[in-house]
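In: no letters, just coordinates:
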């Protein structure tokens with residue numbers, strides 16, 4: 001079985017290319033090597049280092065995948081953190097929507113109680129009523145039934161569980 005030290009040795013073996021090139025340079029400059037000898041050495045280096053780099057890459061892949069399989073058992077992945085993150089996101093949305101709902105509801109009530117409101121207030125009231133409807137829709141989607149405001153619980157049952165018809 002390949003370990004980290006074998007992999008390090010494979011890496012070091014690849015550095016021998018520098019020494020081999022120095023040796024070839026000395027053959028050419030100091031000993032007047034023939035073209036055939038140089039070509040033979042270069043061909044040998046090509047084959048040798050192709051094999052060394054292939055061995056290095058194979059060792060790397062073996063170490064990476066063995067360590068990955070040891071650290072992560074794909075069949076035994078604990079997904080509870082994803083569920084808790086999803087629940088937390090839902091709770092944040094729900095809390096924000098509840099706050100928005102209460103603010104809009106009280107603001108709309110105040111605007112309706114004003115007798116001679118200006119035209120812009122009427123437009124603002126209409127916008128807030130639409131926003132309140134959207135807020136209710138999101139609340140019903142993200143919030144547990146028991147956490148909904150009481151006035152929304154009765155509407156919720158009517159919308160979600162309509163009365164059984166006589167045709168059933």
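Out: Sure thing, it's come through. None of the values given here were measured: they were computed from a predicted structure. Numbers count the residues shown, from 1 in each chain.

In: any weak-confidence spans in the chain?
Out: Along the chain, the model assigns pLDDT under 70 to residues 67-86, 88-89, 111-123, 155-168.

In: by contact count, what packs against the longest helix along it?
Out: Counting by DSSP state H, the longest helix found in the chain is helix 35-71. Packing contacts for helix 35-71, counted by 3 or more Cβ pairs under 8 Å, 6 or more residues apart in numbering; DSSP states H and E, involve helix 4-14, helix 16-31. To be clear about C-beta, it is placed using only N, CA and C from the backbone, and glycine gets the same treatment.

In: what residues sit buried inside the longest one?
Out: Spelled out, that is helix 16-31. residue 24 (16 or more other Cβ atoms under 10 Å).

In: how much distance is there from the longest helix of the chain to the middle of the chain?
Out: 34 Å (Cα atoms, centre = their mean, to the nearest Å).

In: stretch 14-22 now?
Out: Relative to its parent chain, stretch 14-22 has a centroid offset of 43 Å by Cα atoms, centre = their mean.

In: what's in contact with it?
Out: Contacts to stretch 14-22, defined as Cβ atoms under 8 Å, 6 or more residues apart in numbering, come from residues 45, 48, 49, 52, 53, 56.

In: surely the fourth one and residue 10 touch.
Out: Yes. Under the criterion of Cβ atoms under 8 Å, residue 52 makes contact with residue 10 at 7.2 Å.

In: rewinding a little: from the contacts of stretch 14-22, pick the one nearest residue 131.
Out: Nearest to residue 131, judged by Cβ to Cβ, of the contacts of stretch 14-22 is residue 56 at 62.6 Å.

In: can you list the domains in the protein?
Out: Here the domain parsing of the chain from automatic domain parsing is 4-74, 78-160.

In: noted, bye for now.
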